[in-house]
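Peer 1: fold the following.
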Amino acid sequence: MRTIRAKIILLFVVIFGFTLSLFSGVLYFLYARQSAQNFDLNLSNDALEIGGLVKSNSFLNQDLLSGITGRPLEQSFGPNRYVQVVSITGRVVMISTNLKDQTLPISRQVVALALRGNQVFETLGPASANHVITTGKMRIITYPVFDDGIPRYLIQVGASTSNLDESMLQLRLLLLLGVPLTIIAAGAGGFYLAKKAFDPIDRIIRTAQSISVDHLDRRLDTGRVDDEVSRLSKTLNAMFDRIEQAFKLQKQFTADASHELKTPLTILLGEIEVALKNPRTAQDYVGILSSAVEEIRRITNIVDELLTIARLESGQLFLQKKPVRVDELMLDAISKTSAYASQRSISIGYEVQNVAGRDNEEVFVEGDRDKLLSVMINLLDNAIKYSRNDNAIRVVQAVDRDSVKLKIIDRGIGISPQDLPHIFDRFYRADKSRSSEGTQRGSGLGLSISRSLVEAHGGRIDVESTQDLGTTVTVELPPYDYREAASKEEIH
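Peer 2: Okay, here's the model as predicted:
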């Protein structure tokens, strides 16, 4: 009973059994009542017919009856009908031949009811009826015969109820045997139907149990009919696809993170081991320590980025949103990357485009300024890294009704069509030829983090690039009406 299949079968059998039993009981009750009514109707018709015969019989006139003192007259009315005619004084004046020396009982109460014009039905039990019939009960009707509104005779017609009792007994036996057998058959049918209905579920369970780390490519059979089980299988297959993709990404992420951390750690370990092998000058130790510090900073940067990604995915990276002035944000980002740009003789220009006659100088967005600043610094750092020396980078601010657009445009080496769809993947880096010197190294996490942070602010990042011509990165953020918000706060 712990399985849904068993519960459904039991519920089906209980409901079906109760319904069938109730139906059988009602059927038996209605059949018994109708049979009894038909039996009484036949008796009543016989009594009417016999009453007509008695009235038309000339020798049963009042004068003759008053002189009769001997045995009642005998007449045949058929083998299955027991008839007697009684005067209003209660004396039997005529009986059917099959009664022989017996008479039908009649009580004063029956006589009184009949003389009022009523047809009176009564049933004699076996003890009272056995003196007339061999076995069973007898049903008797007492019918008054009137002449000019005056009661003349009482006609009693009796019949054995053995046939009626036998038919009711057979019906009871049929129901008592048929109902349980039908319920058992219904239970077997319910078991078969439940098995057919739950076999696909069992297959789904077995297939799902076989899906493991080593067999993530297995999928459920969706069948040919688009029913509930097929839709369930399709839904689970889609879920398994997402799980497999997430697992592959997780494995790739772990492998890439291990590789990224292993490289600086190996360099750091090698430099320290070399330094310990032989005595060095102070200047040599300074160089070795400076290189070690650089690798440690790289490790720290990778760990920070991994921690940021973990917080973003778990929803634990809380943004302290405040109104942020866009031009001040961009100028700050340019200031922090200008030293790196000057090393390559790269200039960074900032311009504000006037769109639809709007004042674009004091434009605000609502967000975490530190997080947005890190996004812009990362994008500018990438633009500098992959630009050619003595080149220029343009930062363009434009505002329309629905968004604030910040474009970072470089004329660097661009991104190949094969690499462009993957630039936001974690740890993905294009071929070294993308770097102007072939030696630039990054963790491959910056763009992925930047996109997640921008999306957390309700924005988006788009990248357009042509190889050897340059790249345009567009950041769209929802605008924030600082003056309107301030006026609302004053009202409240």
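Peer 1: now I9: how far from D304?
Peer 2: As for I9, its distance to D304 is 60 Å (criterion: Cβ to Cβ, to the nearest Å). For glycine as for every other residue, the C-beta is placed from the backbone atoms N, C-alpha and C.
Peer 1: compare the two (neighbour count), which wins?
Peer 2: Neighbour count, other Cβ atoms under 10 Å: between I9 and D304, I9 has more, with 22 against 13.
Peer 1: my read: the more buried one touches G190, true?
Peer 2: Yes - the pair I9 / G190 is scored as a contact, 4.8 Å apart, by Cβ atoms under 8 Å.
Peer 1: now the helices for this structure?
Peer 2: Taking DSSP state H as the criterion, the chain carries its helices at 4-56, 62-67, 108-115, 126-129, 162-210, 228-277, 282-314, 326-343, 369-385, 446-456, 482-491.
Peer 1: now distance to Q320 and mean pLDDT too, for those, in JSON lines please.
Peer 2: JSON lines is the format used below for these (distance: least, Cβ to Cβ, whole Å; pLDDT from 0 to 100):
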{"stretch": "helix 4-56", "distance to Q320": "50", "mean pLDDT": "90"}
{"stretch": "helix 62-67", "distance to Q320": "123", "mean pLDDT": "48"}
{"stretch": "helix 108-115", "distance to Q320": "102", "mean pLDDT": "88"}
{"stretch": "helix 126-129", "distance to Q320": "100", "mean pLDDT": "73"}
{"stretch": "helix 162-210", "distance to Q320": "43", "mean pLDDT": "88"}
{"stretch": "helix 228-277", "distance to Q320": "28", "mean pLDDT": "81"}
{"stretch": "helix 282-314", "distance to Q320": "14", "mean pLDDT": "80"}
{"stretch": "helix 326-343", "distance to Q320": "15", "mean pLDDT": "91"}
{"stretch": "helix 369-385", "distance to Q320": "8", "mean pLDDT": "91"}
{"stretch": "helix 446-456", "distance to Q320": "12", "mean pLDDT": "87"}
{"stretch": "helix 482-491", "distance to Q320": "16", "mean pLDDT": "50"}
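Peer 1: right, so of those, which gets closest to V86?
Peer 2: Closest of these to V86 is helix 108-115, at 7.8 Å (criterion: Cβ to Cβ).
Peer 1: and the contacts of that closest one?
Peer 2: Around helix 108-115, the neighbours that count as contacts under Cβ atoms under 8 Å, 6 or more residues apart in numbering are 86, 88, 90, 120, 122, 142-144, 151, 154.
Peer 1: least confident pick among these?
Peer 2: Within those, the minimum per-residue pLDDT falls on G90 (77).
Peer 1: look up how far G459 lies from that one.
Peer 2: 113 Å.
Peer 1: ok, these two, which is more surrounded?
Peer 2: More crowded of G90 and G459, by other Cβ under 10 Å: G459, with 21 against 11.
Peer 1: which residue is the nearest non-sequential neighbour of that one?
Peer 2: With sequence-adjacent residues excluded and distances taken as Cβ to Cβ, 6 or more residues apart in numbering, G459 is closest to L477, at 4.1 Å.
Peer 1: residues contacting the one you found?
Peer 2: Residues near L477 by Cβ under 8 Å, 6+ apart: 365, 367, 372, 403-404, 406, 454, 457-459.
Peer 1: please redo it, this time with the cut-off set to 6 Å
Peer 2: Shown in contact with L477 (Cβ atoms under 6 Å, 6 or more residues apart in numbering): 365, 404, 457, 459.
Peer 1: once you drop chain neighbours, what's closest to the third one?
Peer 2: Ranked by Cβ to Cβ, 6+ apart and with sequence neighbours excluded, the top spatial neighbour of H457 is G367, at 4.6 Å.
Peer 1: ok, the one you found to Y480 distance?
Peer 2: According to Cβ to Cβ, G367 and Y480 sit 8 Å apart.
Peer 1: okay, the two: which has more neighbours?
Peer 2: Per other Cβ under 10 Å, whichever of G367 and Y480 has more neighbours is G367, with 26 against 19.
Peer 1: so that one touches G459, yeah?
Peer 2: No - G367 sits out of contact with G459 when judged by Cβ atoms under 6 Å, with a separation of 8.6 Å.
Peer 1: from the contacts of L477, which ones fall inside strands?
Peer 2: Taking DSSP state E as the definition of strands, the contacts of L477 contribute 365, 404.
Peer 1: distance check, V86 against G158.
Peer 2: Computed with Cβ to Cβ, the distance linking V86 and G158 is 13 Å.
Peer 1: and these two? which has more neighbours close in?
Peer 2: Counted by other Cβ under 10 Å, V86 and G158 do not tie: G158 has more neighbours, with 27 against 23.
Peer 1: measure the more buried one to E305 for me?
Peer 2: Counting by Cβ to Cβ, the gap from G158 to E305 is 109 Å.
Peer 1: distance check, the closest residue to Y386 other than its chain neighbours against D462.
Peer 2: Spatial nearest neighbour of Y386, excluding adjacent residues (Cβ to Cβ, 6+ apart): G412 at 4.4 Å. Computed as Cβ to Cβ, the G412 to D462 distance reads 17 Å.
Peer 1: cool, L269 as well?
Peer 2: For L269 relative to D462 (Cβ to Cβ), the value is 42 Å.
Peer 1: K322: which of the contacts of helix 108-115 is nearest?
Peer 2: Distance to K322, by Cβ to Cβ, is smallest for E122 among the contacts of helix 108-115, at 102.2 Å.
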